[in-house]
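Participant: structure, please.
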Amino acid sequence: MVAITAEKDGQLMALQTFELSAVGKSLTARTFGLLEQIVVFEHQ
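Facilitator: Numbers count the residues shown, from 1 in each chain. This is a model prediction of the structure:
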């Protein structure tokens, strides 16, 4: 898992994580903050 944070004036504004599935077939991107979403990319 990789996590990226965005801060403004020392306050956490957003957190985004990227996680690869155990078999390497999908990548899940999660965003938390002002906008919250989950996107799953699947390799075919």
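
Participant: name the helices or strands packed onto the longest strand along the chain?
Facilitator: Assignment by DSSP state E gives strand 11-20 as the longest strand of the chain. Contacts defined by 3 or more Cβ pairs under 8 Å, 6 or more residues apart in numbering; DSSP states H and E place strand 11-20 against strand 2-8, strand 26-33. For every residue, glycine as well, the C-beta is placed using N, CA and C.

Participant: tell me the angle of that strand relative to strand 2-8?
Facilitator: Our comparison of strand 11-20 with strand 2-8, counting by axes from the mean of the first three to the mean of the last three Cα atoms, to 10 degrees, yields an angle of 160 degrees.

Participant: can you list the buried residues in strand 11-20?
Facilitator: For strand 11-20, the buried set under the neighbour-count rule, 16 or more other Cβ atoms under 10 Å, comprises residue 16.

Participant: now it - C-alpha only, CSV.
Facilitator: C-alpha atoms of strand 11-20 as CSV (Å, rounded to 0.1, in the frame of the first residue of the first chain):
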residue,chain,number,x,y,z
GLN,A,11,-3.8,20.5,8.7
LEU,A,12,-4.5,17.3,6.9
MET,A,13,-6.7,18.1,3.9
ALA,A,14,-6.7,14.7,2.0
LEU,A,15,-5.4,11.2,2.2
GLN,A,16,-5.1,9.0,-0.9
THR,A,17,-4.2,5.3,-0.7
PHE,A,18,-3.3,2.8,-3.5
GLU,A,19,-3.5,-0.9,-2.8
LEU,A,20,-2.6,-3.7,-5.2
